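Asker: following is a predicted model, sequence given first.
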Amino acid sequence: MSFQNPVFIPGPTNMPEALRRACDMPTVDHRSPLFAGILDAARDGVRRVLKSETAEVFVFPSTGTGGWEVTLTNTLCPGDTVLAARHGMFSQRWIDMCERLGLNVEVVDAPWGAGLPHARFCEILAADSGHRIKAVLATHNETATGVTSDIAALRRAMDGAGHPALLFVDGVSSIASIDFQFDAWGVDAAISGSQKGFMLPAGLAIVGFSAKAMEAQHRATLPRAFFDMRDMEASYAAGGYPYTPAVGLMNGLGHACTLLLDEGLENVFARHHRIASGVRAAVSAWGLELCAQSPELYSDTVSAIRTPPGFDAGRVVGHAASAYGVAFGGGLGAVAGQVFRIGHLGSMTDVMALSGIATAEMCLVDLGLDIRLGSGVAAAQEVYRTGSRSFARKDAA
C-alpha cells in the first residue's frame, strides 16, 4: 500500500492536511478553560451538521460501535423490546449488540441490497397496541451494501402508527456526507464516528440525543459505567469531562465541522452525490451492477459493486493493493466474495475519484473480465465535466 495514494475504503477516510494539523497539538490541561472552548466548539459544530436546534451532543472516546452502546444502555432496560431490520453487516452487528445486552429484538429480515422495510415496520408498530416496543433501530446508510434508507419515511410510518417508540439512527457512514435532518425527521438518537464524514482518525463516538431520549435515560436500568451519559452531562455543565478526553481529536472535530459548514452542507451533499454519480456511471459502463437493488437506494458514500457469478470479488481488492498500492473495501457477511466496495466519502474530489475508478478498471481488466479499458473512466469524466463546469460558473460569479 502507498501513502501517496488516496484510500477508497468506506472509512477511515482521507484526511485534509488542515485536520491533521488540528489534531496534532501540544498537551492541554483538560480541566482548563481552554479545553472547555474546544469541547463547546466541537459539540456546537456537530449539532449544526445534524441540522438540529435542540440535540444534546455527546462525544466519547470510542468509535461508532461505542455510540451504539451509548444509545442503548442510556435509554433502555433489560428485557425491553426493540424493532430492527437485518439487511446488511452493520444492521446485523447492532442487532447482535442488543441481544448481548439482554434486549429482546424483533428482527425483520430483508435482502442484502434492500432498504429499511417501512411498510412492515408500520404494520408491526400499528399492531403493538401495548407499546412493548421501546425503540426502533435504523441503519441510515448500510456500508456493506451501499444502501441508503429513507429515515423521513420511517418517521412517517411510526407517526402513522401512532407509536411512541424512540427512533435510533446509525448515521456512521452518512452524517456529514449525506443529508441528515435530526429535528425534521424526529430522530431521538443519531450515532456517528470521527473517521468517516468528519474526515478524522478513528477514536470518537459522536451521539446526538433528543429531549425524549434525554428523559429516557432517567428510567434506563441497563448497566453503564464508562458510557454513562449522566456523568458526561454533569461534567459538560461544568466545562469539563468525566475522565481524560482525546483533546486532539476533539479539536480536530471542531475544525472539521467548520470546514463542512464553510463549504455549505448542501454543497457537501451535492459534491458527494456528484462523485457517487460518476462512480455509478463507470459501473454501468463496465456492464456491472450495484448491490443496492434500485436507484433510490444508491448510497452517495459507498458503492458495493457486484462482480460476475463465479468471480471472487476479493481478488479485485487484493490485486489493487499489491499491484497499484490502492485500498478498496472488500465484501462483508452475506456478500463476501460477491462485491468489492469503492468508498467515496469525506475528503474526496472528482479528480481523486477518477484515480480510484481508473485503478478499479485496471484491476478488472488485469483479472480477465471483459471490460474495455477506459470505458468507466470516460463515463465518469462526462459526469464530472458537466458538474465541474456548473460549479466553476457559480464560483466565477
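Answerer: Here it is on my side, so go on.
Asker: quick one, strands of the stretch 151-300 of the chain?
Answerer: Under the criterion DSSP state E, counting those that start in this stretch, the stretch 151-300 of the chain contains strands at 166-170, 189-193, 204-209, 289-290.
Asker: neighbouring strands - and their directions - for the last one?
Answerer: So that's strand 289-290. The strands that strand 289-290 pairs with in its sheet are strand 302-306 (antiparallel) (by DSSP bridges).
Asker: pull the CA atoms of the partner strand into CSV?
Answerer: The C-alpha trace of strand 302-306 is given here as CSV (Å, rounded to 0.1, in the frame of the first residue of the first chain):
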residue,chain,number,x,y,z
VAL,A,302,-20.0,3.9,-0.8
SER,A,303,-20.8,1.8,-3.9
ALA,A,304,-20.8,-2.0,-3.4
ILE,A,305,-20.2,-3.4,-6.9
ARG,A,306,-21.2,-6.9,-7.9
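Asker: poorly predicted segments of the chain, please.
Answerer: In the predicted model, the chain carries pLDDT under 70 at residues 1-2, 388-397.
Asker: ranges for the helices of it?
Answerer: 17-23, 33-49, 64-73, 89-100, 118-127, 151-160, 211-216, 229-237, 247-263, 265-285, 314-319, 350-366, 375-396 (DSSP state H).
Asker: which of those sits most buried?
Answerer: Comparing the helices of the chain by mean neighbour count (mean count of other C-beta atoms under 10 Å), helix 64-73 comes out on top with a mean of 24. Glycine gets a C-beta too; all of them are placed from N, C-alpha and C.
Asker: thinking again about what came up before, F58: which of the helices of the chain is closest?
Answerer: helix 229-237 (5.2 Å; C-beta to C-beta).
Asker: hang on, the earlier thing: in CSV, list the helices of the chain along with distance to F340.
Answerer: Below are the helices of the chain laid out as CSV (distance: least, C-beta to C-beta, whole Å):
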stretch, distance to F340
helix 17-23, 27
helix 33-49, 30
helix 64-73, 22
helix 89-100, 14
helix 118-127, 29
helix 151-160, 27
helix 211-216, 37
helix 229-237, 38
helix 247-263, 28
helix 265-285, 11
helix 314-319, 4
helix 350-366, 8
helix 375-396, 14
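Asker: and G79, which of the ones you listed is closest to it?
Answerer: helix 89-100 (11.4 Å).
Asker: for the closest one, packing partners?
Answerer: helix 64-73, strand 81-86, strand 104-109, strand 133-139, strand 141-142, strand 166-170 (3 or more C-beta pairs under 8 Å, 6 or more residues apart in numbering; DSSP states H and E).
Asker: off-centre distance for it?
Answerer: Centre-to-centre, helix 89-100 and its host chain are 16 Å apart (C-alpha atoms, centre = their mean, to the nearest Å).
Asker: using PDB, write out every CA atom in it.
Answerer: Presented in PDB, the C-alpha positions along helix 89-100 are these (Å, rounded to 0.1, in the frame of the first residue of the first chain):
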ATOM      1  CA  MET A  89     -23.500  -6.400   8.100                       C
ATOM      2  CA  PHE A  90     -23.800  -3.300  10.300                       C
ATOM      3  CA  SER A  91     -27.500  -3.600  11.000                       C
ATOM      4  CA  GLN A  92     -26.700  -7.200  11.900                       C
ATOM      5  CA  ARG A  93     -24.000  -6.200  14.300                       C
ATOM      6  CA  TRP A  94     -26.200  -3.700  16.000                       C
ATOM      7  CA  ILE A  95     -28.800  -6.400  16.500                       C
ATOM      8  CA  ASP A  96     -26.100  -8.700  17.900                       C
ATOM      9  CA  MET A  97     -25.100  -6.000  20.400                       C
ATOM     10  CA  CYS A  98     -28.800  -5.600  21.500                       C
ATOM     11  CA  GLU A  99     -29.000  -9.400  22.200                       C
ATOM     12  CA  ARG A 100     -25.700  -9.400  24.100                       C
END
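Asker: from here on, count from 56
Answerer: All right, first residue 56 from here; so that's helix 144-155.
Asker: tilt between that helix and strand 188-194?
Answerer: Orientation check (axes from the mean of the first three to the mean of the last three C-alpha atoms, to 10 degrees): helix 144-155 against strand 188-194 gives 150 degrees.
Asker: kind regards, and thank you for your time.
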